[in-house]
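> have a look; sequence and predicted model below, questions after that.
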Number of protein chains: 2
Amino acid sequence: MSPELAEIANGSVTSPRGFSAAAAPAGLKADGTPDVALLVSATSCATAGVFTKNAVRAAPVLYDVELLAERPGRIRAVAMNARVANACTGAPGLAAARAMAQAAEQAAGLPARTALVLSTGVIGVPLPLDQVAAGIRAAATHLSPDGGPDAARAIMTTDTRPKHCAVRFETPAGMITVGGIAKGAGMIHPNMATLLAVLTTDAAGEPAALQPLLRRVADRTFNAISVDGDTSTNDTVLLLAGGASGVDPAHDGALWRAFEDAVQHVARMLALAIVADGEGASKLVEIQVVGAVSEAAAREVGRAVARSTLVKTAIYGADPNWGRILAAAGAAGVTLAVDRLSLQVGADSEWLTLASGGATAHADVTRARALFQQKTIRLRIDLGLGRAEAVVWTCDLTPDYVRINADYTS
Amino acid sequence: MSPELAEIANGSVTSPRGFSAAAAPAGLKADGTPDVALLVSATSCATAGVFTKNAVRAAPVLYDVELLAERPGRIRAVAMNARVANACTGAPGLAAARAMAQAAEQAAGLPARTALVLSTGVIGVPLPLDQVAAGIRAAATHLSPDGGPDAARAIMTTDTRPKHCAVRFETPAGMITVGGIAKGAGMIHPNMATLLAVLTTDAAGEPAALQPLLRRVADRTFNAISVDGDTSTNDTVLLLAGGASGVDPAHDGALWRAFEDAVQHVARMLALAIVADGEGASKLVEIQVVGAVSEAAAREVGRAVARSTLVKTAIYGADPNWGRILAAAGAAGVTLAVDRLSLQVGADSEWLTLASGGATAHADVTRARALFQQKTIRLRIDLGLGRAEAVVWTCDLTPDYVRINADYTS
């Protein structure tokens, strides 16, 4: 049995021992609020990263991928900025990402090649390096073990709320804490759904063990929230393990599973906070896909439903149009047996069957409509083919979403 | 050089010799207008079909696929209905599709297993067979060589205009005519973008030669208009070659290419009519992708841009947000060299370069915004990798689209 996870009030990336952070205004946000953040670890961190699969990768992604390939066990800092993505900026953009990392290393008194960088904002605009570097130097002067929430606030773009949390759990060898911050702003962020997340822990670890763990966690959390099939130029999830707890969970199978649970819990909380803060979103949709031959197949079906604009508009309109949901599932590119498909909609412990055997279950329409009017809609699709399952989250598509996204750069 | 194609005024599926059609009201449309159509050929037709790739296939698709596998050279009729898709209807749905075909064969005095069926409308509702069969019998009483446009009107769902056209061209052996009807209703039809098209010709042909021709034509026309990555349960494109012209173009390479050009011309006109009639659409977008290593790769990139809701909302808002367009191209799953990417926006013969070498081209923003305010937006993406190209069409995403789709079944 997993040890119990305790959520930490106002938790963040600085909840695990050994981490400090701060934010500062660099003049990128028009209202003068902090737009640059710096996270520093007292020790070298074993670090894992999951990056966008987009063929157009932003300069900070290129920089981080190269640095992590070279020195995955020596990371000490993460420098972040909002408003400018430093994407589609060519060779000067890559030089700017490198200079941003150097500014962080110098400001925090760290060795060269120990800082990662994260940027989010408009694509195609050069990074204002002097401003960003000055902001990083200002942040370095007031690094604090309470600075995580400020960092979360600094990287917000159209997010309406900062996203940060942390959990801890006891082990026979001592307490392990896992924390995180993220930004996303909903169903689809104006900058191509850019999702940034930094997870930290005071557990000890090896990069080679942390990387597959982070991949699994990301697939079940950040990659399970809907975006529309597109991936951003800048999407990045990092996990830094500093080791200040003195506990290395890798040496005990049960402990390692508990550690993965803790990382997944933090990642899931951040991912759900991103969906709930969706642009123009009025409803949260949880799509459970069960009876699949593999977890990957289940997730593909869930993602196909989650990115269907027809499903999302029907949910906005509280229209229990179950045919659209099955048809969206059918377009996932996964082999299905239509006559085994069933669909339920639920609220709390009540489930109403809308379709079974791939055809109507003659559900009461009034009841179905009432369930689709909830703020949180739960759909359960049974493929009837196996025992694997996955959960995907999305939000509805509203006229407000179109309005928010119709004019962004200019 | 291809012979010149002449467009036929008010052309349709009944423009080629040997075809007749009629429509009739079966009581499916609430306003009592015709909702069932019957197309009949005086001769057995060599027939090709391209069907939805959705794993959830509607009963008429299952029926037609089976019949075409068995008797591709013996088709005499196509029976069609609007309002009810006969999808997600289980074994009774398949029996209903078969009965609908039988009703057409009996009403038109044709041999058994010579009629194909097409349905479009709400998913999950049983086909009202008695009404549909009565409608088919009524239509069979007034089949006419001028009936094609009536058939096009009968299969409209949220289409605001019927879609039909025809072309003809001279050959040394005589005139060949190609015609067609289609329904679509825009960017995404409420019933999962259901697209139905029937193409007819009085050329003679063999199913084995027509099938790859129709596949190529469909990829360049109906599969090159945006839908959102989803495919409908019912999407079907048929090509019937009756042979009444006495000309078989397969025996001459140049003639075969001219014939393919004619079929493609008709298919392209119908496809563009579908996009232009998009739900809530205010703009037509043509995406030219050049410099690709293959036509398929070019089309994938174009489709990725065409289905990006961020691109579509930016175009609705006349926002020249070129970074979103390159980022959407990057998400196509096609290998790209970012530093070779360029993007232009055009109107008539003027092209403005927005990005080159994967970075900004410092275009005049006022001019760019003016070009994005046109009713037809042309984008040209050069991948800089090869010589293949493709064109994809889409429309913008507007608040009206969301409103139209938020409530459909109930």
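Perfect, I can see it now.

> double-check that A:Ile377 belongs to a strand.
Yes. Under DSSP: H, G, I helix; E, B strand; the rest coil, A:Ile377 falls within a strand.

> now it: closest residue in space that isn't a chain neighbour?
Excluding its sequence neighbours, the residue lying closest to A:Ile377 (Cβ to Cβ, 6 or more residues apart in numbering or on different chains) is A:Val285, at 4.8 Å. The C-beta positions use only the backbone N, C-alpha and C, and glycine is treated the same way.

> make sure that neighbour is actually in contact with A:Trp393.
Yes. Using Cβ atoms under 8 Å, A:Val285 makes contact with A:Trp393 at a distance of 6.8 Å.

> mutual contacts of those two, please.
By Cβ atoms under 8 Å, 6 or more residues apart in numbering or on different chains, A:Val285 and A:Trp393 have these common neighbours: A:Ala306.

> for A:Lys53, which residues are in contact?
A:Lys53 sits next to A:Thr231, B:Ala331 when contact means Cβ under 8 Å, 6+ apart.

> beyond the helix or strand where the residue nearest to A:Ile377 lies, next helix or strand please.
Using DSSP states H and E, A:Val285 sits within strand A:284-292. Later in the chain than strand A:284-292, the nearest helix or strand by DSSP H and E is helix A:295-306.

> show me what the helix or strand just after that following helix is packed against.
Using DSSP H and E, the helix or strand that directly follows helix A:295-306 along the chain is helix A:309-316. Contact analysis of helix A:309-316 by 3 or more Cβ pairs under 8 Å, 6 or more residues apart in numbering or on different chains; DSSP states H and E lists helix A:322-330, helix B:399-405 as its packing neighbours.

> buried ones in stretch A:254-261?
Buried residues in stretch A:254-261, counting neighbours by 16 or more other Cβ atoms under 10 Å in any protein chain shown, are found at A:Leu255, A:Trp256, A:Ala258, A:Phe259, A:Glu260, A:Asp261.

> equivalent analysis for stretch A:207-223, please.
By 16+ other Cβ under 10 Å, the buried positions in stretch A:207-223 come out as A:Pro207, A:Ala209, A:Leu210, A:Gln211, A:Leu213, A:Leu214, A:Val217, A:Ala218, A:Arg220, A:Thr221, A:Phe222, A:Asn223.

> wait, the fourth one touches A:Ala48, no?
In this case it means A:Gln211. Yes. With contact defined as Cβ under 8 Å, A:Gln211 and A:Ala48 form a contacting pair (4.3 Å).

> contacting residues for the residue of chain A most remote from its centre?
Largest separation from the mean C-alpha position in chain A: A:His362, at 38.3 Å (Cα atoms, centre = their mean). By Cβ under 8 Å, 6+ apart, A:His362 lies in contact with nothing.

> that one should be in a helix, yeah?
No. Counting by three-state DSSP, A:His362 is not part of a helix but coil.

> for it, grab phi and psi.
When read as degrees, to the nearest 10, the backbone of A:His362 gives phi 50, psi 50.

> for the residue lying closest to A:Ala304 once chain neighbours are set aside, what are its contacts?
What sits nearest to A:Ala304 in space, not counting adjacent residues and going by Cβ to Cβ, 6+ apart, is A:Ala332, at 3.5 Å. Contact analysis of A:Ala332 by Cβ under 8 Å, 6+ apart lists A:Glu300, A:Val301, A:Arg303, A:Ala304, A:Val305, B:Ala55.

> just those residues now: which is nearest A:Ile155?
Closest approach to A:Ile155 among these (Cβ to Cβ): A:Arg303, at 25.3 Å.

> Three-state assignment for the nearest residue to that closest one once chain neighbours are set aside, please.
For A:Arg303, ignoring the flanking residues on the chain, the nearest one in space by Cβ to Cβ, 6+ apart is A:Val392 at 5.6 Å. Three-state assignment for A:Val392 (three-state DSSP): strand.

> now do the one 5 residues further on
What three-state DSSP gives for A:Leu397 is coil.

> what's around it, how many residues?
A:Leu397: 32 surrounding residues under other Cβ atoms under 10 Å in any protein chain shown.

> list the contacts of the nearest residue to it once chain neighbours are set aside.
Take A:Leu397 and drop its neighbours on the chain: the residue closest to it by Cβ to Cβ, 6+ apart is A:Lys312, 3.6 Å away. Applying Cβ under 8 Å, 6+ apart to A:Lys312 gives the contacts A:Met187, A:Val285, A:Thr394, A:Cys395, A:Asp396, A:Leu397.

> and the third one, what are its bridge partners?
So that's A:Thr394. With DSSP bridges applied, A:Thr394 shows beta-bridge pairing to A:Val285.

> just send the buried residues of stretch A:254-261 back as CSV, with pLDDT too.
Output for these, formatted as CSV (pLDDT from 0 to 100):
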residue, pLDDT
A:Leu255, 95
A:Trp256, 96
A:Ala258, 96
A:Phe259, 97
A:Glu260, 97
A:Asp261, 97
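
> take the residues you listed and keep only those in helices.
Using DSSP state H, A:Leu255, A:Trp256, A:Ala258, A:Phe259, A:Glu260, A:Asp261 are the members of the buried residues of stretch A:254-261 that sit in helices.

> of these, closest to chain B?
Chain B lies nearest to A:Glu260 out of these, by Cβ to the nearest Cβ, at 28.8 Å.

> just give the nearest non-adjacent residue to the closest one, would you?
Nearest one to A:Glu260, counting by Cβ to Cβ, 6+ apart, is A:Leu213 at 5.4 Å.

> quick one: contacts for the residue lying closest to A:Ile155 once chain neighbours are set aside?
Using Cβ to Cβ, 6+ apart and skipping the chain neighbours, the partner closest in space to A:Ile155 is A:Lys183 (4.5 Å). The contact partners of A:Lys183, by Cβ under 8 Å, 6+ apart, come to A:82, A:120, A:152, A:155-157, A:159, A:163, A:194-197, A:274.

> touching, A:Ala390 and A:Ala304? I think so.
No. The pair A:Ala390 and A:Ala304 fails to qualify as a contact (Cβ under 8 Å) at a distance of 11.9 Å.

> who has more neighbours, the two?
Ranked by neighbour count (other Cβ under 10 Å), A:Ala390 and A:Ala304 place A:Ala304 first, with 25 against 22.

> against A:Gly109, how distant is the more buried one?
For A:Ala304, the distance to A:Gly109 (Cβ to Cβ, to the nearest Å) stands at 49 Å.

> now do A:Thr52
Separation of A:Thr52 from A:Gly109 (Cβ to Cβ): 31 Å.

> looking at those two, which one has more neighbours?
In terms of neighbours (other Cβ under 10 Å), A:Thr52 is the more surrounded of A:Thr52 and A:Gly109; the figures are 25 against 9.
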